[in-house]
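Q: fold the following, please.
(one chain, ligands or ions: 1)
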Amino acid sequence: MTITQGGTFNFQLSCPSPYLCTNFSIIMILPIVAYGAPVLRTVAKDIDADYPGLAALIEDMWETMYASNGVGLAAPQINRDIRLFVMDSAQIFANLDEEDKGRYPDDPGIKLVFINAYVKSFGGEEWAYNEGCLSIPKIREDIHRPEEVTLTYVDENLQPQEKTFNGITARIIQHEYDHTEGKLFIDYLKPLKRKLMKGKLSDITKGKVKVDYKMTFPK
Ligand SMILES: [Zn+2]
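A: Below you'll find the model as predicted:
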């Protein structure tokens, strides 16, 4: 059973009453932190397997990401300075134009959780892709990044991994990984372009932007 209250909370109950059972969970849509918040400029910390409420936090991050039509979400964006991000490149493939089908090596995409991720190496040619960020709404820019990325990380089953990704998947991973390093996609823009968007960025910090998902603004 799923009850949605005001679009903010989803109470997903697997039994008739939460008082009768123990295996129910409350999944929350968390507010997304806007550009200008110090947490977005902080190098995030590693977490332990016993980080309080980790499984629930990951569920909340999925819910928050999908509710805001994101394809990736990093913990600093929900005001936690920890090395955790989620991404789902399958959403991009599901919405690809006919002419773009077969263009990317990672088709049909993948849904993954990254805990304590560290980039080991980059590979391939740099290519441009139009990026946006839930923390920087209404701004999209072509960003050049390497084709491939190899990372060490811990997955959602707390198993250590070392994997190489390419295509759209590698693109989203690099964007989200940057959040855990206190870096944003606009940092890759030329100084003049950054200067020209200063007004827009300060409007976002002040909350002078219309979004259809829940945000918190530093002001
Ligand atoms: Zn972002």
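
Q: switch to C-alpha atoms for all contacts and neighbour counts from now on
A: OK.

Q: pLDDT weak spots in the chain?
A: Scanning the chain for pLDDT under 70 picks out 1-25.

Q: for the residue nearest the centre of the chain, give me its contacts.
A: Nearest residue to the geometric centre of the chain (CA atoms, centre = their mean): Leu73, 1.4 Å. By CA atoms under 8 Å, 6 or more residues apart in numbering, the contact set of Leu73 is Met61, Trp62, Met65, Phe85, Val86, Met87, Glu176.

Q: thought the fifth one was touching Ala117?
A: Same thing as Val86. No: applying CA atoms under 8 Å as the test, Val86 and Ala117 come out as separate, 11.2 Å apart.

Q: re earlier: wasn't the residue nearest to the centre of the chain part of a strand?
A: Yes: per DSSP: H, G, I helix; E, B strand; the rest coil, Leu73 lies within a strand segment.

Q: tell me how far it lies from Leu192.
A: With distances taken as CA to CA, to the nearest Å, Leu73 is found 28 Å from Leu192.

Q: same check on Ile78?
A: 30 Å.

Q: those two: which has the busier surroundings?
A: Using other CA atoms under 10 Å as the criterion, Ile78 and Leu192 rank with Ile78 on top: 22 against 8.

Q: quick check: the gap between that one and Met28.
A: Applying CA to CA to Ile78 and Met28 gives a distance of 12 Å.

Q: repeat that for Gln161.
A: On the measure of CA to CA, Gln161 and Met28 end up 28 Å apart.

Q: ok, these two, which is more surrounded?
A: Met28 (19 against 13).

Q: shouldn't that one be in contact with Glu63?
A: Yes: the criterion here is CA under 8 Å, and Met28 meets it with Glu63 at 7.0 Å.

Q: ok, Asp107 - contacts?
A: Asp107 makes contacts with Ala90, Phe93, as judged by CA under 8 Å, 6+ apart.

Q: and it, backbone torsions?
A: phi -50, psi 130 (degrees, to the nearest 10).

Q: ditto for Ile92
A: With angles defined as degrees, to the nearest 10, Ile92 sits at phi -70, psi -40.

Q: residue contacts, it?
A: Applying CA under 8 Å, 6+ apart, we find Ile92 in contact with Val71, Gly109.

Q: burial count for Gly72?
A: Here the count is done by other CA under 10 Å, and Gly72 has 26 residues near it.

Q: specify the beta-bridge partners of it.
A: Here Gly72 sits in beta bridges with Met87, going by DSSP bridges.
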